[in-house]
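Asks: sequence and predicted structure below; questions after.
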Amino acid sequence: MLTTDFDYELPPELIAQTPLEPRDASRMLVLDRASGAVTHRAFRNLGRYLVAGDVLVLNRTRVLPARLEARKLPSGGRVELLLVRRFGDGTWESLVRGRRVPLGTTLQVGSDGPTAAVLDITPAGGRRLQFDQPPELWLHRYGAMPLPPYIHRRLEDPERYQTVYSSDAGSAAAPTAGLHFTTEYLDQLREGGVDIEYVTLHVGLDTFRPVAEDDPATHAIHTEWCQVPSDVADRISRAKADGRRIVAVGTTAVRTLETAAAAAKEQGTSSLLIPYSGDTSLFILPGHQFRAVDALLTNFHLPRSTLLLLVSAFAGRERILAAYREAVEQRYRFFSFGDCMLIL
């Protein structure tokens, strides 16, 4: 298995630059894993593929305004910061764009904002920063929404890069499969007997970082924090035991559920999931045995990305790449603000 096995051609004009209005107006490619059959639908048809008793699992993380303009003191040299992860000691991992930002550098956010000391260089090449004030006190004043680098248009409403159910602030990027839902559509699904559960995974560096190694198995995935509350773990475990389907919304929900399932297996418990709160570095590659997830709603992912590897593990590389080729032919919109794919 090579990283180049997970490449595909994408015309640049198919990279969605703006979100559709309303949120649930996107298209949905439906892929049957068993047969490879592809059907073209609208996202609003999702309910037709769900039955009473299905459990829809969403990631309720909220994106931080984590992109910051800063300057080096005392030189005044400009740098750009992207906060990607909070450490337990109150420091933050940040990507830094700018020339020569060695250990010991002091950075000032904005022209009169807080300062940060560069404490360390992280294994992923970022910087560990110690701010002199908690970011919660100033981040919304100085920060901007961290849109992915392939989006070149200004986002008029920052809330369009948040899911309607987001509540736990901490992500450097949105769990984009959830952007299609409206509050009204979620209510409609509940009325149809679909159970809805929430987990949290704060999206970090690997959303922005492609797999650079020739062998994807040697790629070191970035650690992210996730949580499955006790009551959610119990309800999902009982649903699975009753033969009900667990439908993950987005790859972040998949990784969270599979992390909690792996922890349950390691402890030798009879439950599918155990409550989980902590870091995950689970990298799902083809060959992974899925324990929790039966179906997946997801957006279309970048070539050679960890996310494309994950969906290939779930549905098979050949089936995924064939579906992507058809999505290109049918002029689907790709990536964060694009259309979605339901894998059954």
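Replies: Cool, got the structure.
Asks: strands along the stretch 101-250 of the chain, start to end?
Replies: Assigned by DSSP state E, counting those that start in this stretch, the strands in the stretch 101-250 of the chain fall at 106-109, 115-121, 127-131, 168-171, 195-201, 224-228, 246-249.
Asks: just the ones you listed: most buried one?
Replies: Stretch with highest mean neighbour count among the strands of the stretch 101-250 of the chain: strand 246-249 (a mean of 27; mean count of other Cβ atoms under 10 Å). Every C-beta, even on glycine, is put in place using the N, C-alpha and C of the backbone.
Asks: pull the residues that contact that one.
Replies: Applying Cβ atoms under 8 Å, 6 or more residues apart in numbering, the external contacts of strand 246-249 come out as 50, 54-59, 175, 177-178, 181, 236, 239-240, 254, 257, 292-297.
Asks: can you tell me which of those residues are in helices?
Replies: Within the contacts of strand 246-249, residues falling in helices by DSSP state H are 236, 239-240, 254, 257.
Asks: need the contact list for the closest residue to residue 198 other than its chain neighbours.
Replies: Distances taken as Cβ to Cβ, 6 or more residues apart in numbering place residue 60 nearest to residue 198, at 4.4 Å, with adjacent residues excluded. By Cβ under 8 Å, 6+ apart, residue 60 lies in contact with 163, 165-168, 198-200.
Asks: re earlier: for the strands of the stretch 101-250 of the chain, give me a markdown table that also has distance to residue 210 and mean pLDDT.
Replies: Supplementary listing: the strands of the stretch 101-250 of the chain in a markdown table, determined by distance: least, Cβ to Cβ, whole Å; pLDDT from 0 to 100:
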| stretch | distance to residue 210 | mean pLDDT |
| --- | --- | --- |
| strand 106-109 | 27 | 97 |
| strand 115-121 | 21 | 95 |
| strand 127-131 | 21 | 95 |
| strand 168-171 | 19 | 95 |
| strand 195-201 | 20 | 98 |
| strand 224-228 | 17 | 96 |
| strand 246-249 | 23 | 98 |
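Asks: of all these, which lies closest to residue 274?
Replies: strand 224-228 (7.9 Å; Cβ to Cβ).
Asks: scan this protein for its longest strand.
Replies: strand 78-86 (DSSP state E).
Asks: tell me the mean pLDDT over that strand?
Replies: For strand 78-86, the mean pLDDT works out to 93.
Asks: just the C-alphas of it, formatted as CSV.
Replies: This file holds the C-alpha atoms of strand 78-86, laid out as CSV (Å, rounded to 0.1, in the frame of the first residue of the first chain):
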residue,chain,number,x,y,z
ARG,A,78,5.1,39.7,11.2
VAL,A,79,3.9,36.1,11.7
GLU,A,80,0.6,34.3,11.5
LEU,A,81,-0.4,31.9,14.1
LEU,A,82,-3.0,29.0,13.9
LEU,A,83,-3.8,27.5,17.3
VAL,A,84,-4.4,23.8,16.8
ARG,A,85,-4.3,22.2,20.3
ARG,A,86,-4.5,23.2,23.9
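Asks: contact partners for residue 278?
Replies: 225-227.
Asks: how close does it sit to residue 224?
Replies: Going from residue 278 to residue 224 by Cβ to Cβ, to the nearest Å gives 10 Å.
Asks: quick one: contacts for the closest residue to residue 221 other than its chain neighbours?
Replies: Using Cβ to Cβ, 6+ apart and skipping the chain neighbours, the partner closest in space to residue 221 is residue 283 (4.1 Å). Taking Cβ under 8 Å, 6+ apart as the criterion, residue 283 is in contact with 219, 221, 306, 309.
Asks: just these: which are in helices?
Replies: Checking the contacts of residue 283 against DSSP H, those in helices are 306, 309.
Asks: from the contacts of residue 283, which has minimum pLDDT?
Replies: Model confidence across the contacts of residue 283 bottoms out at residue 221, which has 85.
Asks: any idea how far that residue is from residue 158?
Replies: 28 Å.
Asks: tell me which of the two has more neighbours.
Replies: With neighbours defined as other Cβ atoms under 10 Å, residue 221 and residue 158 compare such that residue 221 has more, 21 against 12.
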